[in-house]
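Student: just a sequence and a predicted model for now, questions to come.
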Amino acid sequence: MIHSNNMKRKDFLKTGMAAGLGAFLPISQKKSSPSPIIGKARNIIFFAYDGFTWEDFSSAQHFSHRNFGKPLHLEKLFRTGSAGSMQSHSLTSMVTDSAAATSAWATGRKIVNGSLSIYPDGDELTTILELAKAKGKATGIISNTTITHATPGGWIAKQINRRDEENIAEQYAEFKADVMIGGGIEAFSPQLRSDGNDLYKPLLDSGYSVITDREAFANVRSDKILATFNEGHIPYEIDRRFRGAVSPTLNEMAKKGIEILDGSENGFLLHIEAGRIDHANHRNDAGAALWEIFAADETLGMLMDYVDKTPETVLIMASDHGTGGASVYGVGERYRASSDVHDLLNRRTASFPWIMSQLGNSPDTDLIIDMIEDTTGVLVSLSDAELLQQAIAGEIQMPDAAAFPRQPIATLGWILKGGTNDNPTHLNINYGTTQHTAGAVPAAVYGNGVEVKPFGLVDNTDFFYWMTEAMVIEHQNPEMSPEKAASFYE
Ligand code: ZN
Ligand code: MG
Ligand code: ZN
């Protein structure tokens, strides 16, 4: 029965694909929009904000003005650089994942979600980082996720399955970007790799500083570096700030990267990722997302200062897609209470994973209520506490659970979002999903000694052509049709 339902569904999709031929084609994947970067760039810094929407920007922007009395660097970038919006559909879906999204930036081609710079038939694409290296430029990748995660990965690795981070690390050890800094010792360490291979060694042997501790990182002077911290991702900024989690900040990692690449003979191409905005938004964790945006913003300020004093340098900022569909909604008469209610974000002092780790496997409702009030400033009802208690026990009772598959943590998000107009005891941010979303996302270009122009609405593949043009590189990757790509998954 289930099988035949699947068949029907598949047939329907097939028919749909054939009938609406070009279901994914109305937006050209061939033609690049005119580049907003006028002239040559010696250095390019590409700063990815993973899972960041215009709505997330508004939330952080207003919070910053009200609580810190200053604008975000991002606001300055959007006002003084050249801003626009970017569309992000992948080869076979209107909703992209991070792997296809980063591959579009890095190769100028749409691919299938879940793969890195490769087509399903194994045909590999050449990445912008490879092209820059071949041109004699220094190269780097930095992220506060595992360094072998999808977003940095797509700039170097060719992988059908983005989750094979051990193989991605092998490809890094071969490619040898000058700078590789992020989380994720487990993909390199012989103690933690499934094959027991030591991937630090080949890099040590070729003159890299290989670093896994924070103090050594602060003091290192080197022209090649592999720095990996923590098993897994770099901890959330909110937990570093308020819960004593120990790690370098994104800004410290980016600064080190710039320090190493600055003055490279033929310039450099550096990819930096603020990768955990996405993770926080997947969990509908508005507090963690806010602090990830601030961590990115501190980094952005540093990068803009660097560009200001470094001629022939271009900074590109772009989100790869939306995540979670957060909306900040109006509260009160004439919506006048909106900002006050939004200031409840001030009371968030731990990430959702941190809260869940404290609750354990079978918390009583008193613990749940107290813990949530301590870490979010919200007094949840007994029935909401029971909802979370049930979710932790594996019985998901929250309404509309299908759109929120990341459980039990999504239930925590759910009970924190339920404010009303008249009684705004909860934060006025509603999340629509725990998945990625399709809408156009923020992007901007900022330059010194290189003119930049506003660019309106562009496609994620366009960035590849902007970068190759600015670095005077000629390259076109092979194309695959959505229909052919889809045929591999029938
Ligand atoms: Zn992403
Ligand atoms: Mg990412
Ligand atoms: Zn994501």
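Tutor: Sure thing, it's come through. Ligands and ions are numbered 1, 2, ... in the order given.
Student: rest of the way, CA atoms for contacts and neighbours
Tutor: OK.
Student: may I have stretch 234-254 as CSV, with CA atoms only?
Tutor: Provided in CSV are the C-alpha atoms of stretch 234-254 (Å, rounded to 0.1, in the frame of the first residue of the first chain):
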residue,chain,number,x,y,z
ILE,A,234,32.5,26.0,17.3
PRO,A,235,30.1,26.6,20.2
TYR,A,236,27.2,29.1,19.9
GLU,A,237,28.2,32.6,20.6
ILE,A,238,25.4,32.9,23.1
ASP,A,239,26.9,30.0,25.1
ARG,A,240,30.4,31.5,24.8
ARG,A,241,29.1,34.8,26.2
PHE,A,242,26.8,33.6,28.9
ARG,A,243,27.6,30.0,29.7
GLY,A,244,31.4,29.9,29.7
ALA,A,245,31.8,27.8,26.5
VAL,A,246,35.4,28.1,25.4
SER,A,247,36.4,28.7,21.8
PRO,A,248,37.9,31.4,19.6
THR,A,249,35.4,33.8,18.1
LEU,A,250,34.6,34.0,14.5
ASN,A,251,36.3,37.4,14.5
GLU,A,252,39.5,36.0,16.0
MET,A,253,39.5,33.2,13.4
ALA,A,254,38.9,35.6,10.5
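Student: pull the CA atoms of stretch 186-205 into CSV?
Tutor: What follows is stretch 186-205 as a C-alpha-only set of coordinates in CSV (Å, rounded to 0.1, in the frame of the first residue of the first chain):
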residue,chain,number,x,y,z
GLU,A,186,37.2,14.6,14.1
ALA,A,187,37.7,14.7,10.4
PHE,A,188,41.5,15.0,10.8
SER,A,189,42.5,13.3,14.0
PRO,A,190,43.7,9.7,13.8
GLN,A,191,42.0,9.0,17.2
LEU,A,192,38.7,10.1,15.8
ARG,A,193,38.7,9.2,12.1
SER,A,194,37.0,6.0,11.2
ASP,A,195,40.0,4.8,9.2
GLY,A,196,42.5,5.9,11.9
ASN,A,197,44.4,8.0,9.3
ASP,A,198,46.2,11.1,10.5
LEU,A,199,45.3,14.0,8.2
TYR,A,200,47.2,16.5,10.3
LYS,A,201,50.5,14.9,9.3
PRO,A,202,50.6,15.6,5.6
LEU,A,203,50.0,19.2,6.3
LEU,A,204,52.6,19.3,9.1
ASP,A,205,55.0,17.7,6.7
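Student: ok, now how distant is residue 367 from residue 358?
Tutor: Between residue 367 and residue 358 the computed distance is 9 Å (Cα to Cα, to the nearest Å).
Student: quick one: contacts for residue 257?
Tutor: Applying Cα atoms under 8 Å, 6 or more residues apart in numbering to residue 257 gives the contacts 140, 142, 179, 181.
Student: cool, residue 143 as well?
Tutor: Counting by Cα under 8 Å, 6+ apart, residue 143 has contacts 152, 181-183, 250, 272-275.
Student: how far out from the middle of the chain is stretch 390-398?
Tutor: With Cα atoms, centre = their mean, to the nearest Å as the basis, stretch 390-398 stands 29 Å off its chain's centre.
Student: typed the wrong thing, it's stretch 263-279
Tutor: 12 Å.
Student: what about residue 415, how many neighbours?
Tutor: Using other Cα atoms under 10 Å, residue 415 has 19 neighbouring residues.
Student: make residue 1 into 180 and carry on from there
Tutor: In the new count, where the first residue is 180, that last one comes out as residue 594.
Student: ok so it is a helix residue?
Tutor: Yes - Residue 594 forms part of a helix when assessed by DSSP: H, G, I helix; E, B strand; the rest coil.
Student: ok, now how distant is the residue in the stretch 430-579 of the chain positioned nearest to ligand 2 from residue 460?
Tutor: The stretch 430-579 of the chain approaches ligand 2 most closely through residue 454 (4.4 Å), counting by Cα to the ion. Using Cα to Cα, residue 454 is found at 11 Å from residue 460.
Student: now for those two: what residues contact both?
Tutor: Shared contacts of residue 454 and residue 460 (Cα under 8 Å, 6+ apart): residue 230.
Student: picking up where we left off before, which of the contacts of residue 322 sit farthest apart?
Tutor: Pairwise distances across those (Cα to Cα) peak at 14.0 Å, for the pair 331 and 429.
Student: circling back to that earlier point, closest one to residue 570 out of the contacts of residue 322, please.
Tutor: Of all these, residue 570 sits closest to residue 454, with 27.2 Å by Cα to Cα.
Student: check contacts around the closest one.
Tutor: Counting by Cα under 8 Å, 6+ apart, the residues that residue 454 touches are 227-230, 322-324, 330.
Student: pLDDT weak spots in the stretch 380-529 of the chain?
Tutor: Regions of the stretch 380-529 of the chain meeting the criterion pLDDT under 70 are absent.
Student: ok and the residue in it nearest ligand 1?
Tutor: In the stretch 380-529 of the chain, the residue that lies nearest ligand 1 is residue 499 (5.2 Å; Cα to the ion).
Student: isn't that residue up against residue 228?
Tutor: Yes - with contact defined as Cα atoms under 8 Å, residue 499 counts as touching residue 228 (6.7 Å).
Student: more neighbours, these two?
Tutor: Comparing residue 499 with residue 228 by other Cα under 10 Å, the one with more neighbours is residue 499, at 32 against 27.
Student: quick one, what contacts the more buried one?
Tutor: Neighbour list for residue 499: 227-231, 267, 277, 280-281, 620, 639 [criterion: Cα under 8 Å, 6+ apart].
Student: wait, a helix at residue 258?
Tutor: Yes - under three-state DSSP, residue 258 sits within a helix.
Student: tell me the pLDDT of it.
Tutor: Per-residue pLDDT puts residue 258 at 94.
Student: do the one 10 residues further on as well
Tutor: At residue 268, the model reports a pLDDT of 96.
Student: repeat that for residue 578.
Tutor: At residue 578, the pLDDT value in this model is 84.
Student: again, but for the one 5 residues further on
Tutor: According to the prediction, residue 583 has pLDDT 87.
Student: does the nearest residue to it once chain neighbours are set aside sit in a helix, a strand or a coil?
Tutor: With sequence-adjacent residues excluded and distances taken as Cα to Cα, 6 or more residues apart in numbering, residue 583 is closest to residue 613, at 5.0 Å. Assigned by three-state DSSP, the conformation of residue 613 is coil.
Student: thanks a lot, catch you later.
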